[in-house]
Structure formats: structure tokens, C-alpha cells
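S.K.: pasted the sequence and its predicted model underneath.
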Amino acid sequence: MPEERRKVEAKIKKLLKELSIAQQCSLSEISHYGYTLSFVRQTPDGKLAVVQMDDAAITIDEEGEIDHNSTIKIRH
């Protein structure tokens, strides 16, 4: 189990490097509520961080704006 945990932590570290400072600050704020970074998507408007808690998904744009009503579709 510890090896899998290390893999997840390494993946998250790699994703964090892709985020802007504003995205990292916003992520830090909402992570206290249990949200975790799932992936980063490149869009025409820049990188979009997709953050999840259970089945809820929110996004953070490059300016650090959090969208709690994101229309992003998550495949399971």
C-alpha cells in the first residue's frame, strides 16, 4: 500500500508543477475542504486544473478563479 501512495503523491507533485501560482493558491484554499487535484487539461484559454471530492468536480483557471458549477465531464 505505501508504494501505491508514493505513486499517487508523485503524480500530484508532477501535476502541481504544471499549475500557475494563482492556481496553486486556489487549490491550497479548497484542499482544506477535502478537494484533490485530479488532472490538468490544456484548453484554448490556458491550463485548467480539475479538482475533485467524491463525485463533485470543480475547475480552477490560470488566474486562480474557482468554478464550482463547471460543466466538465468526468469519465469513470
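M.R.: Thanks, I have the structure now.

S.K.: assign the closest residue to residue 68 other than its chain neighbours to helix, strand or coil.
M.R.: Of all residues not flanking residue 68 in the chain, residue 58 sits nearest, at 5.2 Å (C-beta to C-beta, 6 or more residues apart in numbering). Glycine gets a C-beta too; all of them are placed from N, C-alpha and C. The three-state assignment at residue 58 reads strand, by DSSP: H, G, I helix; E, B strand; the rest coil.

S.K.: pull the number of nearby residues for residue 58.
M.R.: Other residues near residue 58 come to 18 when the count uses other C-beta atoms under 10 Å.

S.K.: for it, name its beta-bridge partners.
M.R.: Going by DSSP bridges, residue 58 is paired in beta bridges with residue 51.

S.K.: rounded mean pLDDT for stretch 65-74, please.
M.R.: For stretch 65-74, mean pLDDT is 88.

S.K.: which residues of this structure fall in helices?
M.R.: 2-18, 21-31 (DSSP state H).

S.K.: mean pLDDT for these: which is lowest?
M.R.: When those are compared on average pLDDT, helix 2-18 comes out lowest at a mean of 80.

S.K.: what's the angle from that one to helix 21-31?
M.R.: Angle, helix 2-18 to helix 21-31, by axes from the mean of the first three to the mean of the last three C-alpha atoms, to 10 degrees: 140 degrees.
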